[in-house]
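1. build the 3D model from these lines:
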Amino acid sequence: VQLQASGGGLVQAGGSLRLSCAASGRTFSMYGMGWFRQAPGKEREFVASISGSGGTIYYADSVKGRFTISRDNAKNTVYLQMNSLKPEDTAVYYCARRSSVSTYDSWGQGTQVTVSS
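-> Down below sits the predicted model:
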């Protein structure tokens, strides 16, 4: 599968962005998807995940109440709506396909999100 992330950019603190991740292939709905991020000098961290049906969703504590993950299986796309952005949200954001409970086997190329104070 190929994953193409888009939607990043520069935004002021308190602003919003919506990231998209388009997947190739015909089995998109069979897989959970996740968003991760990596800030300069830091380890990559989990942001959010969504099951294949969209019925099960998890968020990192740092983004709960501000970010919303969703998916449109008809469009083979997963989204990350990011509101009330903070400078500490600045990172490269990656989407990934979940192949098992704790394993992500395919990654997109990343999209840069920069939040200015």
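2. got the contact list for Leu19?
-> Leu19 makes contact with Ala5, Ser6, Gly7, Gly8, Trp35, Tyr79, Leu80, Met82, Tyr93, Cys95, Thr111, Val113 under the criterion Cβ atoms under 8 Å, 6 or more residues apart in numbering. (C-beta placed from N, C-alpha, C; glycine too.)
3. just the residues you listed now: which is nearest Gly55?
-> Tyr79 (15.9 Å; Cβ to Cβ).
4. does that closest one touch Leu17 like I think?
-> No - using Cβ atoms under 8 Å, Tyr79 is not in contact with Leu17; the gap is 10.7 Å.
5. which phi and psi values does the closest residue to Ala39 other than its chain neighbours adopt?
-> For Ala39, ignoring the flanking residues on the chain, the nearest one in space by Cβ to Cβ, 6 or more residues apart in numbering is Ala91 at 4.2 Å. Backbone torsions of Ala91, given as degrees, to the nearest 10, read phi -180, psi 170.
6. what do you get for Asn83?
-> phi -120, psi 160.
7. and the nearest residue to it once chain neighbours are set aside, how far from Leu80?
-> Leaving aside its chain neighbours, Asn83 sits nearest to Ser16 (4.7 Å; criterion: Cβ to Cβ, 6+ apart). Applying Cβ to Cβ, to the nearest Å, the value for Ser16 to Leu80 is 11 Å.
8. kindly report the same for Gln112.
-> For Gln112 relative to Leu80 (Cβ to Cβ), the value is 14 Å.
9. do the same with Ser62
-> 14 Å.
10. more neighbours: which of the two?
-> Set side by side, Ser62 and Leu80 show more neighbours around Leu80, with 27 against 14, by other Cβ atoms under 10 Å.
11. so which residue is smack in the middle of the chain?
-> For the chain, Trp35 is the residue whose C-alpha lies nearest the centre (Cα atoms, centre = their mean; 2.8 Å).
12. buried stuff in stretch 29-44?
-> By 16 or more other Cβ atoms under 10 Å, the buried positions in stretch 29-44 come out as Tyr31, Gly32, Met33, Gly34, Trp35, Phe36, Arg37.
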